[in-house]
Structure formats: structure tokens, C-alpha cells
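Trainee: I need the structure of the sequence given here:
(one chain, ligands or ions: 1)
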Amino acid sequence: MLALQGDFREHAQVLRDLGASVDLVRRPEELDRLDGLVIPGGESSVMDKLARTFGLAEPLRAAIRGGLPVYGTCAGLIMLADTILDGMNGQQSLGGLDIAVRRNAFGSQTASFETDLDIPALGVKPVHAVFIRAPVVETLGPRATALATLDDGRCVAVEQGNLLGTSFHPEITGEYRFHRYFLQKLVVAAR
Ligand code: GLN
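Mentor: Model prediction:
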């Protein structure tokens, strides 16, 4: 669990409820013992600065390139995107997902909203999704797959191999299926 900033406590609770053992990561050496990493929601520009200040950005990039399973929500999705649109001046991502993500894509008028999404990969029950100053996936490259779209067709959940990203926050709604889906990737990757 990347614990530089944001709602990592909520994620850690969901993961522990699902039986995972969770370490909070703030230093490069803490990356070594991980089977997977969750990057929480928060503020991606701050997370980026902290990751670089603590010397975590490069080791994280290397871990992602090496196949570490990573799940990013909201700001975490922005961190995983190869390209950030409307980033702060000089903002960098870790990359990994073959997508372009637009920050704060719903504008200040619609800072937050909730909706139900059909996500066949997670079963028939719709996912109740909470969006908070959320990004959208504006472009998907050939290596990335859309898992969920809004009614207007905009992509808000994406998967690419061991990487998973959502614009919204399952960790605050009692929605455990994304984390369970992610933990399955860790089990397969550890084989
Ligand atoms: N707007 C934030 C960012 O740019 C993301 C908001 C969130 O994580 N809830 O990082």
C-alpha cells in the first residue's frame, strides 16, 4: 500500500478484510517485500512530488516494468497513466498503463457524483461508483482494456496485464470486488 498521501487507510482496511497482509510503503527499501501495490486516491501532483522526494519514483517505475501488480484509484490511476492531460506544471506519472488520463475531467461544477456502473468482469450486480474530482481515461492504447464506461461512453476503469485502475473509489463504498479481483492477480503473479 503506497502511503505517501491520500486515502490509504481505507484501502488497507478493505485489503485486510479480504485477508491480505498489508504494509504501508513510504521508502524505497519497503518495496522489496511486496507482492503487489495499491496507489490510493488523493492528489496526484502531491503524490508525484513526494514519490520523487522520497526516492520512490524510479524504484516504483522499475517495479511496474518488472510486472508488479498495481491497482490505482483516482489519483492512483493518474500515477499509473503513461500520459497525464491537464497535469500540474512539471507533473510526472509513474506510467505503466497505455492510456492518457485527464485530471479533474468533470470540472469544478461536478466535483463529485455517484452512479451505478455495469462491470461484467465483476459480476451482474452493478458497481456503485463514487467520483471525487475524478479523472477519465481519454485515450486507450492497444495494450489497455476498458473495464467500465459511463453512459456517455467515457472510460472510467481499465486493466492491462497486472495493472488495474479506476477513476472512482471502491474503498469508500464497501465495494470489495475490485480489491478481490486485484488480489487474484497477486496470487497468479506469485506462482
Ligand atoms: N483530482 C485529484 C488528482 O488530480 C484526484 C482526486 C482523487 O483522488 N479523489 O490527483
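Trainee: grab the most central residue of this structure for me.
Mentor: With distances taken as CA atoms, centre = their mean, G72 lies nearest the centre of the chain, 1.1 Å away.
Trainee: that's a strand at that one, yeah?
Mentor: Yes - with DSSP: H, G, I helix; E, B strand; the rest coil as the criterion, G72 is part of a strand.
Trainee: contacts only, for the closest residue to Y181 other than its chain neighbours.
Mentor: Nearest in space to Y181, with sequence neighbours left out and distances taken as CB to CB, 6 or more residues apart in numbering, is L122 at 6.3 Å. C-beta: built from backbone N, CA, C; applies to glycine. Neighbouring residues of L122 by CB atoms under 8 Å, 6 or more residues apart in numbering: R177, F178, Y181.
Trainee: element containing the last one, please.
Mentor: This means Y181. helix 177-190 (DSSP states H and E).
Trainee: helices or strands next to that helix in the packing?
Mentor: Counting contacts by 3 or more CB pairs under 8 Å, 6 or more residues apart in numbering; DSSP states H and E, helix 177-190 is packed against helix 8-17, strand 70-73, strand 163-166.
Trainee: kindly export the longest one (C-alpha atoms) in CSV.
Mentor: This file holds the C-alpha atoms of helix 8-17, laid out as CSV (Å, rounded to 0.1, in the frame of the first residue of the first chain):
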residue,chain,number,x,y,z
PHE,A,8,-4.5,4.6,2.0
ARG,A,9,-6.1,3.7,5.4
GLU,A,10,-9.5,2.9,3.7
HIS,A,11,-7.7,0.7,1.1
ALA,A,12,-5.7,-1.0,3.8
GLN,A,13,-8.9,-1.9,5.7
VAL,A,14,-10.6,-3.4,2.6
LEU,A,15,-7.4,-5.4,1.8
ARG,A,16,-7.2,-6.7,5.4
ASP,A,17,-10.9,-7.5,5.5
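Trainee: now, of the contacts of L122, which are buried?
Mentor: Among the contacts of L122, those scoring as buried are F178, Y181 (criterion: 16 or more other CB atoms under 10 Å).
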